[in-house]
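In: Quick one: sequence plus predicted model below, questions after.
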Amino acid sequence: MKGPGVPDEPLSSSAEQIALYKNAYQTVDEWTTSTGFRPHSLRFGNIGVTAARTIGEQFLVATRYRRADRETEQSIQSYFLDPGVVMLSRNGEEDLSGRLATALQQGAPLRRELGEVLSSRRSVRQYTGDHVALDQMATLLRAGAAITATGQVDLMEGGQRHISFHTAPSPGGLYPIDLYLLPLRIDGLDQGVWRYVPRYETLVADGDARQAAAAVESFAVPEEIITISQAAAILLLIARPWKVMRKYGDRGIRYLFIEAGAISENVHLACGALGLGSVDCASVHDDELHAALNFDGEMQLVVHTLFVGVPA
């Protein structure tokens, strides 16, 4: 698609002509259904292959919201009754006694104007290997998932409960995504697997340095694309699907990705305001990462990752 102010250009190369053809036509080659190796571009470009819905297409169809979906309506309504309100008010509570934890210090201030950060935001894939201060990492974590306020809700049977509000929007205020940190070069923080707990403004150790190293090895992106060896930290967005699915059903899976995108963008903007670099990364072998962190990949799984570092 031509952008504003960009003049039309003739198709001057064979590559441009091929690109135009691939995006404008589909072929009818039934023989491709019997081919063992079928790249995604072949599936997309051939009617014979796409006659049966792909898994992705099945997901989109299966998670549509339709009228008179009484089961979903009843599930949503239950969250407005007292037990549902009480459950939401206790979201994020846990017993941290006996756990290795690090209380987050005051974060580094964000001094750049939002419009400036938005216009200058770029994906940064090359890093210097310099360390990042813990107060800067605290700012990034808070930008992604901190509790910023609470609101009071009256219970039908009397009394009140406090509901928390976070920096990133979440479906029904359920917050099914946890923000994990793999520090590679963070001053004052040992290597390991750390989970950010917004309710207590604390990092809790959920894995040791060996597990963190195995998690880093699960990434498939080559060093020429992202200099992982020189990054300062990796952020993992870990989802618990049933936390949102028991209210919204299968459609709740869509909401996981929306929340992950909101958290990710908040972190990117905070990086830009601090002069740090960051990039989204989907090149990770899910099963290997889950094994490294002792996740089952269904009740708890990775939905997104980000790299952070000092720009080269």
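Out: Received, thanks.
In: So for stretch 18-32, mean pLDDT?
Out: Mean pLDDT, stretch 18-32: 65.
In: Tell me which helix or strand comes right after the worst-scoring helix or strand of the chain on mean pLDDT.
Out: The helix or strand of the chain with the poorest confidence is helix 47-50; it has a mean of 57 (mean pLDDT, DSSP states H and E). Moving toward the C-terminus from helix 47-50, the next helix or strand (DSSP states H and E) is helix 55-62.
In: Can you spell out which helices and strands pack onto the longest helix anywhere in the chain?
Out: Looking across the chain with DSSP state H, the single longest helix is helix 252-274. Secondary-structure packing of helix 252-274 (3 or more CB pairs under 8 Å, 6 or more residues apart in numbering; DSSP states H and E): helix 114-120, helix 134-145, strand 177-183, strand 233-239, helix 242-248, strand 277-281, strand 301-309. Where you see a C-beta, it was placed from the backbone N, CA and C, and this is true even at glycine.
In: Now render those as CSV, adding mean neighbour count.
Out: Listed next are the helices and strands packed on helix 252-274 as CSV, based on neighbours: other CB atoms under 10 Å:
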stretch, mean neighbour count
helix 114-120, 11
helix 134-145, 23
strand 177-183, 23
strand 233-239, 22
helix 242-248, 19
strand 277-281, 22
strand 301-309, 24
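In: Between these, which one is closest to Val86.
Out: Evaluated over the helices and strands packed on helix 252-274, closeness to Val86 peaks at helix 242-248, with 14.8 Å, by CB to CB.
In: Could you chop this protein up by domain?
Out: 14-52, 70-309 (automatic domain parsing).
In: how about these, which one is nearest Val61?
Out: Closest to Val61 of these, according to CB to CB: domain 70-309, at 10.4 Å.
In: Off-centre distance for that closest one?
Out: Mean-position distance between domain 70-309 and its chain equals 7 Å (CA atoms, centre = their mean, to the nearest Å).
In: What is the end-to-end distance of it?
Out: This stretch, domain 70-309, spans 48 Å end to end (CA to CA, to the nearest Å).
In: same question, stretch 291-305
Out: End-to-end for stretch 291-305, by CA to CA: 16 Å.
In: And the domains of the chain, which one averages the lowest pLDDT?
Out: Among the domains of the chain, domain 14-52 carries the lowest mean pLDDT (a mean of 66).
In: coming back round to it: can I get the helices and strands packed on helix 252-274 in JSON lines including distance to Arg210?
Out: Output for the helices and strands packed on helix 252-274, formatted as JSON lines (distance: least, CB to CB, whole Å):
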{"stretch": "helix 114-120", "distance to Arg210": "37"}
{"stretch": "helix 134-145", "distance to Arg210": "22"}
{"stretch": "strand 177-183", "distance to Arg210": "12"}
{"stretch": "strand 233-239", "distance to Arg210": "16"}
{"stretch": "helix 242-248", "distance to Arg210": "28"}
{"stretch": "strand 277-281", "distance to Arg210": "22"}
{"stretch": "strand 301-309", "distance to Arg210": "18"}
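In: Which one of these lies nearest to Gln211?
Out: Of all the helices and strands packed on helix 252-274, it is strand 177-183 that lies closest to Gln211, at 9.3 Å by CB to CB.
In: any idea which helix or strand comes after that closest one?
Out: Past strand 177-183, the next helix or strand by DSSP H and E is strand 193-197.
In: who touches that following strand?
Out: Residues outside strand 193-197 that contact it (CB atoms under 8 Å, 6 or more residues apart in numbering): 92, 94, 96, 101-102, 141, 144-145, 178-183, 202-208, 211-212, 215, 293.
In: hmm, try it at 6 Å
Out: Identification of contacts with strand 193-197 by CB atoms under 6 Å, 6 or more residues apart in numbering yields 141, 178-181, 203-204, 206-207, 211-212.
In: tilt between it and strand 233-239?
Out: 60 degrees (axes from the mean of the first three to the mean of the last three CA atoms, to 10 degrees).
In: List the pairing partners of the next helix or strand along the chain from strand 193-197 within its sheet, with orientation.
Out: Note on strand 193-197: by DSSP H and E, the next helix or strand toward the C-terminus is strand 202-207. Here strand 202-207 is paired, per DSSP bridges, with strand 101-103 (antiparallel), strand 193-197 (antiparallel).
In: Tell me what angle strand 202-207 forms with strand 177-183.
Out: 70 degrees.
In: For strand 202-207, buried residues please.
Out: Across strand 202-207, burial judged by 16 or more other CB atoms under 10 Å covers 202-204, 206-207.
In: and the residues you listed as CSV, adding distance to Leu174?
Out: Listed next are the buried residues of strand 202-207 as CSV, based on distance: CB to CB, whole Å:
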residue, distance to Leu174
Thr202, 21
Leu203, 22
Val204, 20
Asp206, 20
Gly207, 25
